[in-house]
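> Return atomic coordinates for the entry below.
(chains A and B)
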There are 2 protein chains.
Amino acid sequence: MEIKAMAIDIDGTLTDRRRSLNCSAVEALRKLKVPVVLATGNISCFARAAAKLIGVSDIIICENGGVVRFEYDGEDIVLGDKKKCYRALRALEKEFDVVLLDDSYRKAEICLRRTFRKEDARKILEGYGVRLIDSGFAYHIIDAEVSKGKALEYIAEKIGISPENFAAIGDSENDVELFDVAGIGIAVANAHLKLKKVADIVTSKPNGDGVVEALEFLGLI
Amino acid sequence: MEIKAMAIDIDGTLTDRRRSLNCSAVEALRKLKVPVVLATGNISCFARAAAKLIGVSDIIICENGGVVRFEYDGEDIVLGDKKKCYRALRALEKEFDVVLLDDSYRKAEICLRRTFRKEDARKILEGYGVRLIDSGFAYHIIDAEVSKGKALEYIAEKIGISPENFAAIGDSENDVELFDVAGIGIAVANAHLKLKKVADIVTSKPNGDGVVEALEFLGLI
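I've put the predicted structure just below:
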């Protein structure tokens, strides 16, 4: 399989737990000759800043696939239905105290502090057409129709690279669908067990050091 | 003078022309024992991402002093009057084709592509109570009542550190007022001549390498 592009998660993959960038990974990414698509649960405004500061392509997947963007000064393309997420939120609010994060910036999903047990919340949300995912940093109520994987397919078609020619690197549950569509999926050492189970490779090093290890393994640096 | 905090510009200072972070500067900032306030013409959403990814304090000055923020999940505090800027924009639009940048995200100022001569624009804007500043990356129409310097005074009071105990590092015209209030102002080698004129020190190296040089000179690393 020829690798023609990369899709890489940000928080916990390119950053540590405190969300600081791993500089070795940043410098490794700058050496790549293939485009790098950042794929995150965070908002487009965060992801476009990250892409610019890291120095990779301006093509980003945000809000767990609910939003994609192709240019720094371009427009957000909204793939998820936030209204569905609000209906689900109303149900959750009856059971838990919820704290919304960045809500005015989120266009396709709802992000919540991790103040309740996700297993309990998932039972409540059945039938609402949404998923509750845990990025490790926050919970996200997302339209069940969107995922990082579907967003990658959308981007792949637009830029004319097959999803199978993407290598993906991630650490969280929300990267599972990304690995499903990418040609190769690499989980960093700190990754969630669910992601490690579907990964083709698990690095020995965590976070950004794992990204460097992965890029070396792939022969890209 | 004891340095108790730093105020540092982002674009052209911590980044190169392409706006990629200088990793040596990032790693140097992480070693500091004093808080680092990022001060930029960019929007709060960009600046808070930069602060998080670089790994410095979440206290930020954005929109050239028009907006400040103390916490990542806190609120933007708007210090500038955007309505004034819109009135000035109407006058500019009669003379030039203007292209607004990030307008939906900007709360205190208007950012424009550099598609006209700033000297011509400044004549038109006289009497509107605004300033046109050139960050080197874009033009900004800002409320004449705000500046990075005034925002630094606002922050300094809130966190209980005198502005004179701040060291500032920058590269652009919009850093002049920051240098006016900070105890020491350091221009990186690529800085605008106007900034070099008011700087206490000009580094021999440009951009992030200049930042590292400055921190070494100050004995902070």
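> going forward, measure contacts between C-alpha atoms and count neighbours the same way
Noted.
> what's the pLDDT at the residue of chain A most remote from its centre?
Farthest-out residue of chain A from its mean C-alpha position, per CA atoms, centre = their mean: residue A:94, at 28.7 Å. For residue A:94, the pLDDT comes out at 95.
> The one 4 residues further on now?
Reported pLDDT at residue A:98 in the predicted model: 95.
> What degree of burial does it show, as a neighbour count?
If you count neighbours by other CA atoms under 10 Å in any protein chain shown, residue A:98 ends up with 16.
> list the contacts for it?
By CA atoms under 8 Å, 6 or more residues apart in numbering or on different chains, the contact set of residue A:98 is A:92, A:112, A:113, A:115.
> and it, what helix or strand is that in?
Assigned by DSSP states H and E, residue A:98 belongs to no helix or strand.
> cool, and residue A:90?
helix A:82-93.
> Show me what counts as buried in that helix.
By 16 or more other CA atoms under 10 Å in any protein chain shown, the buried positions in helix A:82-93 come out as A:82, A:84, A:85, A:86, A:88, A:89, A:92.
> ok, of those, which one's closest to residue A:5?
Of all the buried residues of helix A:82-93, residue A:5 sits closest to residue A:82, with 29.4 Å by CA to CA.
> May I ask you to confirm that that closest one is in contact with residue A:110?
Yes: with contact defined as CA atoms under 8 Å, residue A:82 counts as touching residue A:110 (7.3 Å).
> Name the residues of chain A found near chain B, please.
Contact residues (CA under 8 Å from any CA of the partner chain) of chain A with chain B: A:15, A:18-21, A:23, A:27, A:45-46, A:49-50, A:52-55, A:73, A:101-102.
> So which of those belong to helices?
Among the residues of chain A next to chain B, DSSP state H puts A:23, A:27, A:45, A:46, A:49, A:50, A:52, A:53, A:54 in helices.
> Now render the residues you listed as CSV, adding neighbour count.
Formatted as CSV, those follow (neighbours: other CA atoms under 10 Å in any protein chain shown):
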residue, neighbour count
A:23, 21
A:27, 16
A:45, 21
A:46, 21
A:49, 22
A:50, 24
A:52, 19
A:53, 25
A:54, 24
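> Which pair of these spans the longest distance?
A:27 and A:45 (22.3 Å).
> what residue lies at the spatial centre of chain A?
Centre-nearest of chain A using CA atoms, centre = their mean is residue A:40, 3.0 Å out.
> That one contacts residue A:12, correct?
No: Residue A:40 is beyond contact range of residue A:12, at 10.3 Å (criterion: CA under 8 Å).
> related to what we said a few turns ago, most surrounded residue in the contacts of residue A:98?
Within these, residue A:112 tops the neighbour count with 21 neighbours, counted by other CA under 10 Å.
> Roughly how far does the residue lying closest to it once chain neighbours are set aside sit from residue B:176?
If the residues on either side of it in the chain are set aside, residue A:112 comes closest to residue A:100, at 4.6 Å by CA to CA, 6 or more residues apart in numbering or on different chains. Distance check for residue A:100 against residue B:176: by CA to CA, to the nearest Å, it reads 38 Å.
> same thing with residue A:160?
47 Å.
> ok, those two, which is more surrounded?
Legend: neighbour count by other CA under 10 Å for residue A:160 and residue B:176, higher for residue B:176 (23 against 8).
> helix or strand for the more buried one, which one?
According to DSSP H and E, residue B:176 maps onto helix B:176-181.
> host element of the closest residue to residue A:178 other than its chain neighbours?
Spatial nearest neighbour of residue A:178, excluding adjacent residues (CA to CA, 6+ apart): residue A:149 at 3.9 Å. Residue A:149 belongs to helix A:148-159 when assigned by DSSP H and E.
> What lies in contact with that helix?
A:7, A:39-40, A:61, A:64-68, A:79, A:162-163, A:174-182.
> Let's see that with 6 Å instead.
Residues from elsewhere that reach helix A:148-159, judged by CA atoms under 6 Å, 6 or more residues apart in numbering or on different chains: A:64, A:65, A:162, A:163, A:177, A:178, A:181.
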